[in-house]
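Undergrad: A structural model of the following input is requested.
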Amino acid sequence: MASSPFQVPPATEADFPALASIMVYAFMGHPTELLNTGDPAVPGVLEAASARHLHACRDHESRFPGPVMIKCIHKDPKTGEEEIVASAEWFIYSHERSREEYEKMHYLLSAEWIEDPTGREKMLKLRRPVHEQRVHWMAGKPYGLLMYLCVAPKWRKQGVGTMCVQWGLDRCRELGIPAYLEASVEGVPVYKKLGFEEMGVLRRTSWDDEEEEMPVMICWPPGTKDEEKKPAER
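TA: Sure thing, here's the model as predicted:
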């Protein structure tokens, strides 16, 4: 049986510029991203995005063991040439955190790099409900958080995104902790196939002042009883 041309190892610091490029272009269609990240065609924008994600990953790794950023590599079976085709960030909170720690908004949600005060506050209005929902479900409990799952356009629908999700699920199962994410409505069936359950819907006001929904999905450790599948803070 031929081995897969795809592998999912931890990213190195040298990979971050390429990974940031995949992320920025993957999300640039979202109306928030022009403010959050900027136009990727402008010099310095991709470098700044790379630095932010590197900072977030290194900060987490200083407090919790194990890598955060992972990459999916395709190795051409004929030439041996390697290409990064997907990425994801798995923030694994492997031990309990204090209230002060878990009530602090995740750096990648903080928007502290946005210089315009009005724009920053508008961004935070969108992101506070995301943070509050994570606190509601997990508080200081150990769990794995999936953020920024991205696949380069020409490699979509080839299973590489699933491989990046599975990498984190394997770590969570080894630790006996739940995995958590906010999905798009379209992504729910995909995550359900991997063992996630839809635990509710985060409703918030969108960038265009319309209501939008983000399903909250959790993959519980094997053997978790239904009565245990409840928010940490009620």
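Undergrad: Give me the buried positions along the longest helix seen in the chain.
TA: Ranked by number of residues, the top helix in the chain under DSSP state H is helix 117-138. Residues of helix 117-138 classed as buried: 120, 122-124, 126-127, 129-131, 133-138 (neighbour count, 16 or more other CB atoms under 10 Å). Using the backbone N, CA and C atoms, a C-beta is placed for each residue, glycine as well.
Undergrad: which helices and strands sit right next to it?
TA: On a contact count with 3 or more CB pairs under 8 Å, 6 or more residues apart in numbering; DSSP states H and E, helix 117-138 meets helix 33-36, helix 99-103, helix 107-110, strand 179-182, strand 197-205, strand 211-219.
Undergrad: For Ala11, find the nearest of these.
TA: helix 107-110 (15.4 Å; CB to CB).
Undergrad: Output the contacting helices and strands for the closest one.
TA: Helix 107-110 sits against helix 45-61, helix 117-138, with contacts defined as 3+ CB pairs under 8 Å, 6+ apart.
Undergrad: Can you tell me, leaving aside adjacent residues, what's nearest to Leu146?
TA: With CB to CB, 6 or more residues apart in numbering as the criterion, Leu146 has its nearest non-adjacent residue at 4.2 Å, and that residue is Leu181.
Undergrad: Identify each buried residue in the least confident helix or strand in the chain by mean pLDDT, please.
TA: Sorting the helices and strands of the chain by mean pLDDT, DSSP states H and E puts helix 33-36 at the bottom, at a mean of 80. Neighbour counts over helix 33-36 (16+ other CB under 10 Å) mark 33, 36 as buried.
Undergrad: Distance from the chain centre to it, please.
TA: 17 Å (CA atoms, centre = their mean, to the nearest Å).
Undergrad: Asp170 is nearest to which of the helices and strands packed on helix 107-110?
TA: helix 45-61 (18.2 Å).
Undergrad: Now do that closest one, average pLDDT.
TA: The average of the pLDDT scores along helix 45-61 is 96.
Undergrad: Just the C-alphas of stretch 166-182, formatted as PDB.
TA: Only the C-alpha atoms of stretch 166-182 are listed here, as PDB (Å, rounded to 0.1, in the frame of the first residue of the first chain):
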ATOM      1  CA  GLN A 166      -7.400  14.800  13.500                       C
ATOM      2  CA  TRP A 167      -3.900  15.800  14.700                       C
ATOM      3  CA  GLY A 168      -5.500  17.800  17.500                       C
ATOM      4  CA  LEU A 169      -8.200  15.300  18.200                       C
ATOM      5  CA  ASP A 170      -5.500  12.600  18.700                       C
ATOM      6  CA  ARG A 171      -3.700  14.900  21.200                       C
ATOM      7  CA  CYS A 172      -6.900  15.600  23.100                       C
ATOM      8  CA  ARG A 173      -7.800  12.000  23.300                       C
ATOM      9  CA  GLU A 174      -4.300  11.100  24.700                       C
ATOM     10  CA  LEU A 175      -4.800  13.700  27.400                       C
ATOM     11  CA  GLY A 176      -8.500  12.700  28.000                       C
ATOM     12  CA  ILE A 177      -9.800  16.300  27.400                       C
ATOM     13  CA  PRO A 178     -12.500  17.700  25.100                       C
ATOM     14  CA  ALA A 179     -11.800  19.500  21.800                       C
ATOM     15  CA  TYR A 180     -13.700  22.700  21.100                       C
ATOM     16  CA  LEU A 181     -14.300  24.900  18.100                       C
ATOM     17  CA  GLU A 182     -16.700  27.400  16.600                       C
END
